[in-house]
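Asks: Take this sequence and fold it.
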Amino acid sequence: MDHRLLQSLFDDVEPGPLTVSELNSDIRATLERRFSNVWVEGEITNFVSAASGHWYFSLSDNRSLIKAACFKGTNYRIRFKPFDGLQVRVRGQITTYERRGEYQLAVESLEPVGEGALTVAFEQIKAKLAKEGLFDQTVKRPIPRFPRRIGVVTSPTGAAIHDILSVLDRRARSVHIVLIPTLVQGELASGQIAGAIEAANEYCDGCRYDEKIDVLIVGRGGGSAEDLWAFNEEIVARAIRGSRIPVISAVGHEIDLTIADMAADLRAPTPSAAAEVVAQAEEEILTSLARSTERLLNIIEFRLLTVRSRLERSAFSPAISEFPARVNDLFDRVELLDSDLRDAVRASVRSAFDRLSEQSVRLAPIRLSARVARNANAYSLLDQRRLRVGAELTGNRSRKLENLMGRLDALSPLAVLTRGYSLTQKQGGEIVRNSHLTQVGELLKIRFAEGSVNAEVKEVLEV
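Replies: From the prediction side, this is the model:
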């Protein structure tokens with residue numbers, strides 16, 4: 001046995017007394033070895049969040065309680081903030097606070113009993129932001145009916161951007177798309193999403209009117225509650241409400257509801273649905289144009305049929321039976337005009353659609369992707385050039401500094417001493433350059449390259 005308390009039972013000689021600190025230290029070592037990993041379930045009482053960031057509380061049941069501490073380095077990983085009365089399951093280690101001789105549970109993980117930690121955290125954030133008015137309808141901004149430029153805050157490799165591009169390419173080719181890439185999953189995602197929203201606003205503050213982003217789509221495809229959690233973070237909700245650009249939230253599937261959905265100006269069930277919202281007005285215009293064209297052709301056809309019927313009746317009328325040749329001629333002319341008019345209307349409509357298709361192709365997202373790729377390559381070349389020039393500049397300055405240090409060392413008096421010379425000073429620090437400046441019995445200080453000695457003048461010699 002190596003434990004002093006237990007070893008003392010077998011010692012022939014009675015050991016001396018322990019100090020209080022030694023005793024508490026031994027107790028702590030024993031407890032931490034015996035209860036290094038325990039699970040405890042109970043109700044939180046006396047919860048305190050200290051200014052240091054540590055949490056202190058007690059766990060109790062109907063008959064007993066134990067003090068617990070969850071330190072700052074651990075509690076930042078816990079999604080929710082505990083509160084009195086919450087039933088929890090805790091994993092940790094039994095230890096002691098040696099200064100007071102009190103034992104406690106050092107918490108390593110904590111989760112609610114019967115209700116997931118993410119659900120508790122969601123409700124806490126939701127209640128806090130609702131109290132501040134971030135979800136009020138009065139603060140929500142209208143979505144532009146005819147947006148010309150749409151910003152998409154999402155992963156550049158995720159399913160969401162492909163769904164959005166597919167819908168807009170099919171239903172609103174004249175809409176220009178600006179991708180603001182970001183992580184949408186993981187611990188760093190919430191900060192990047194908020195930063196992307198702020199970056200879009202800063203871009204609009206400094207660009208021309210015709211380059212401004214009219215609406216932002218913020219979202220990602222489906223996933224588990226853990227995957228979607230970045231859109232439940234407080235920082236994302238505040239960034240959405242702080243945006244000067246109207247925001248559409250499009251996170252996951254229709255059954256998924258996030259804090260970002262509640263904070264946004266409009267919630268779309270899916271990224272595809274968000275794209276359909278911004279493309280709806282253009283599609284309505286194209287549909288209306290097609291219906292008007294069809295209605296116009298029907299009216300023209302009806303009018304022509306009416307005229308043809310009248311002419312046919314007139315052709316058989318006794319009053320003009322003597323002019324059959326003239327009627328036939330008029331009939332032929334009407335047929336010709338009918339054909340020419342139909343061709344002209346169709347050509348005009350076809351020309352309008354061709355111009356619209358040409359403009360849509362010019363503004364298609366694939367051209368945007370190519371331009372982004374070119375800019376990324378240019379930026380990479382500039383960054384490599386910056387690193388190369390920085391390295392060269394640092395090397396030149398280092399060589400110059402080494403040269404100056406060598407020159408300084410060569411001029412240093414200490415360098416002379418290393419060659420065997422010495423420096424003689426009087427007690428007041430005055431340097432002795434001539435023997436007649438000293439007197440017999442005077443104390444002098446002689447300094448060498450390494451160390452110094454005190455000497456007494458025994459005799460003054462003239463050179």
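
Asks: contacting residues around the helix or strand harbouring Leu168?
Replies: Using DSSP states H and E, Leu168 falls within helix 159-171. With contacts defined as C-beta atoms under 8 Å, 6 or more residues apart in numbering, helix 159-171 is touched by 150, 152, 154-155, 175, 177, 179, 184, 217, 219-221, 250, 270-272, 274-276, 278-279, 282-283, 364-365. Heads up, the C-betas are built off the backbone N, CA and C, glycines and all.

Asks: That helix: how far from the chain's middle?
Replies: Put simply, helix 159-171 sits 23 Å off its chain's centre (C-alpha atoms, centre = their mean, to the nearest Å).

Asks: following that helix, which helix or strand comes up?
Replies: Helix 159-171 is succeeded, C-terminally, by strand 176-181 (DSSP H and E).

Asks: same for whatever helix or strand comes next after that following strand, what does it pack against?
Replies: Sequence-wise, the next helix or strand downstream of strand 176-181 (DSSP H and E) is helix 189-206. For helix 189-206, the packing partners by 3 or more C-beta pairs under 8 Å, 6 or more residues apart in numbering; DSSP states H and E come out as strand 149-154, strand 176-181, strand 215-220, helix 234-242.

Asks: Pick the most buried one from these.
Replies: Ranked by mean neighbour count under mean count of other C-beta atoms under 10 Å, the helices and strands packed on helix 189-206 are led by strand 215-220, which reaches a mean of 28.

Asks: Skipping its backbone neighbours, what lies nearest Gln93 in space?
Replies: Residue nearest to Gln93 in three dimensions, not counting chain neighbours: Ala106, with 4.9 Å by C-beta to C-beta, 6 or more residues apart in numbering.

Asks: separation between that neighbour and Ala200?
Replies: Distance of Ala106 to Ala200, computed by C-beta to C-beta, to the nearest Å: 44 Å.

Asks: Compare those two (neighbour count), which wins?
Replies: Under the criterion of other C-beta atoms under 10 Å, the comparison of Ala106 against Ala200 puts Ala200 first, with 22 against 16.

Asks: can you tell me which residues contact the residue nearest in space to the middle of the chain?
Replies: Residue closest to the average C-alpha location in the chain (C-alpha atoms, centre = their mean): Gln192, at 0.7 Å. By C-beta under 8 Å, 6+ apart, the contact list for Gln192 reads 182-183.

Asks: quick one on the thing from earlier: now do the buried residues in the helix holding Leu168.
Replies: Residues of helix 159-171 classed as buried: 160-161, 163-165, 167-169, 171 (neighbour count, 16 or more other C-beta atoms under 10 Å).

Asks: Can I get the residues you listed in CSV including pLDDT and distance to Thr45?
Replies: Output for the buried residues of helix 159-171, formatted as CSV (pLDDT from 0 to 100; distance: C-beta to C-beta, whole Å):
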residue, pLDDT, distance to Thr45
Ala160, 88, 45
Ile161, 89, 49
Asp163, 88, 49
Ile164, 87, 50
Leu165, 87, 54
Val167, 85, 53
Leu168, 82, 55
Asp169, 81, 59
Arg171, 73, 58
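
Asks: Of the residues you listed, which is the nearest to Arg346?
Replies: Arg171 (24.2 Å; C-beta to C-beta).

Asks: do you know how far that closest one is from Val247?
Replies: Distance from Arg171 to Val247, by C-beta to C-beta: 21 Å.

Asks: C-terminal to the host helix or strand of Glu294, what's the next element?
Replies: Glu294 is part of helix 271-315, with elements assigned from DSSP H and E. The helix or strand immediately downstream of helix 271-315 is helix 324-362, counting by DSSP H and E.

Asks: next helix or strand past that following helix?
Replies: helix 365-411.
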